[in-house]
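Visitor: Sequence plus predicted model, see below.
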Amino acid sequence: MATTSDANREVAREPAESGGAPKAPRRAGLTMQAVVQDRYGSADVLQLRAIDLPTVGDDDVRIRIHAASVHAGDYHLMTGLPYLLRILGFGFRAPKARVRGTDVAGTVEAIGKNVTQFQVGDEVFGTCDGAFAEYACARADTLAPKPARLTFEQAAAVPTSACTALHGLRDSGAIQSGQKVLIVGASGGVGTFAVQLAKSFGAEVTGVCSTSKVDMVRSIGAHHVIDYTQQDVTDGGQEYDLILDIGGNRPLSRLRRILAPRGTLVLVGGEAGDRWTGGMDRQIRALMWSPFVSQRLRPMFSTESSEDLQFLNQHIEAAEITPVIDRTYALSAAPDAIRYLEAGHARGKVVITV
């Protein structure tokens with residue numbers, strides 16, 4: 001088993017891609033390429049630089065990164081908005097974590113002395129600080145073995161978005177087979193996983209998206225698809241047992257109109273609102289209203305764990321979940337990847353290859 005000092009002396013080699021030759025070895029302890037920011041702002045603050053490789057802690061795994069994915073949290077941590085994030089400890093004047101990215105897939109390059117579940121050479125996926133780089137360190141309890149049926153690019157698309165969908169449906173939503181489930185924002189990173197998971201749980205799934213994404217949402221398993229540019233879902237006569245509203249801005253009162261008397265509304269994030277709360281005011285109001293109504297109104301804040309990743313792995317290997325990838329970008333083009341996500345055009349996930 002490699003100790004921290006051992007890891008800093010060893011030579012890390014990138015495994016050959018399918019049908020290709022291995023890349024040249026890279027000695028640990030030197031530098032790596034990473035997407036770094038020193039201040040909050042637009043994607044223009046992101047710079048590709050050579051920085052020191054991260055040091056492996058006792059409970060850590062150092063990963064040779066093959067792919068990372070982009071999600072809304074990366075954008076918010078890049079801009080420092082809403083300001084609530086800064087108050088919560090992510091860095092008041094500048095981000096504490098200088099390298100962006102959290103979702104990762106790659107090969108274990110070194111392990112800390114307390115790590116027993118992974119060995120050098122294992123293929124893993126999960127979350128870490130600083131995924132937009134050639135190497136990153138992650139706590140072992142935030143990683144799991146990479147699903148065998150997925151490429152590194154597909155595996156990197158899973159962690160945050162799929163775990164958010166899982167917690168929203170299973171934990172906050174208490175989904176049951178036979179329920180009518182509405183996924184608002186069905187074409188995005190979280191939404192595409194939510195549609196597939198809800199169907200695997202035995203629900204009748206309705207997805208809400210824009211015109212250009214209707215066919216895609218239907219293709220991943222939605223029984224019904226509503227084009228919000230043509231129809232306001234809250235004007236319909238259909239009631240739903242569970243509504244998962246992902247980054248939406250519809251008033252709670254309108255969503256409650258289509259929620260069954262004892263149904264559950266789960267609010268995942270929010271992209272409207274002021275610079276202080278960024279749409280989180282709906283979550284606050286939901287908490288205030290919920291004790292006084294028969295419907296359950298639940299804000300949701302997701303975390304990722306090895307156990308969740310292994311649960312998702314089972315559904316992936318059973319071909320019940322397949323990541324939807326819209327575009328891939330090179331590491332040097334990470335700012336463009338975030339701009340594309342920010343523009344709201346993505347169908348599923350945006351992935352960065354390293």
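Guide: Arrived safely, thanks for sending. Everything numeric here is computed off the predicted structure, so don't read it as measured data.

Visitor: now the helices: where do they sit in the protein?
Guide: 4-9, 72-79, 84-85, 152-156, 159-166, 189-200, 214-219, 252-257, 281-289, 306-317, 334-342 (DSSP state H).

Visitor: what about P291, neighbour count?
Guide: 7 (other CB atoms under 10 Å). For glycine as for every other residue, the C-beta is placed from the backbone atoms N, C-alpha and C.

Visitor: Please disregard the earlier target; I meant D171.
Guide: D171, neighbours per other CB under 10 Å, totals 14.

Visitor: now it: how far from Q310?
Guide: Per CB to CB, to the nearest Å, D171 is found 16 Å from Q310.

Visitor: picking up where we left off before, please tabulate the helices of the chain in TSV, including the columns mean neighbour count.
Guide: Listed next are the helices of the chain as TSV, based on neighbours: other CB atoms under 10 Å:
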stretch	mean neighbour count
helix 4-9	16
helix 72-79	20
helix 84-85	17
helix 152-156	25
helix 159-166	27
helix 189-200	28
helix 214-219	18
helix 252-257	16
helix 281-289	16
helix 306-317	18
helix 334-342	21
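
Visitor: Mean pLDDT lowest where, among those helices?
Guide: For those, mean pLDDT drops lowest on helix 4-9, to a mean of 34.

Visitor: want to try TSV for the helices of the chain, with distance to V266 as columns?
Guide: Shown next, in TSV, are those (distance: least, CB to CB, whole Å):
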stretch	distance to V266
helix 4-9	41
helix 72-79	16
helix 84-85	20
helix 152-156	25
helix 159-166	10
helix 189-200	10
helix 214-219	19
helix 252-257	10
helix 281-289	9
helix 306-317	16
helix 334-342	22
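
Visitor: Now V324: closest residue in space that isn't a chain neighbour?
Guide: The shortest distance from V324 to any non-neighbouring residue, by CB to CB, 6 or more residues apart in numbering, is to G348 (2.9 Å).

Visitor: who touches the one you found in this structure?
Guide: Applying CB atoms under 8 Å, 6 or more residues apart in numbering to G348 gives the contacts 157, 187-189, 192, 216, 323-326.

Visitor: Let me have the residues you listed in TSV, adding distance to G130 as columns.
Guide: Listed next are the contacts of G348 as TSV, based on distance: CB to CB, whole Å:
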residue	distance to G130
A157	18
S187	28
G188	24
G189	20
T192	25
M216	31
P323	22
V324	25
I325	22
D326	23
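
Visitor: Now which of those would you call buried?
Guide: Buried members of those, counted by 16 or more other CB atoms under 10 Å: 157, 187-189, 192, 216, 323-326.

Visitor: didn't G189 look like it was pressed against A157?
Guide: Yes: if you go by CB atoms under 8 Å, G189 and A157 touch, sitting 7.4 Å apart.

Visitor: Overlap in contacts, the two.
Guide: Here G189 and A157 share the contacting residues 69, 348-349, scored by CB under 8 Å, 6+ apart.

Visitor: wait, which of those is closest to R98?
Guide: When the shared contacts of G189 and A157 are compared for distance to R98 (CB to CB), S69 wins out at 19.3 Å.

Visitor: Residues in a beta bridge with that closest one, which ones?
Guide: Counting by DSSP bridges, S69 is bridged to D103, V351.

Visitor: Can you get me the start-to-end distance on stretch 49-64?
Guide: Start and end residues of stretch 49-64 are separated by 17 Å (CA to CA, to the nearest Å).

Visitor: Which residues does that stretch contact?
Guide: 2, 4, 7-8, 12, 14, 28-34, 36, 99, 104, 106-115, 118, 124, 128, 130, 133-141, 143.

Visitor: hmm, try it at 6 Å
Guide: 4, 7, 12, 14, 28, 31-32, 34, 36, 106-114, 118, 135-140 (CB atoms under 6 Å, 6 or more residues apart in numbering).
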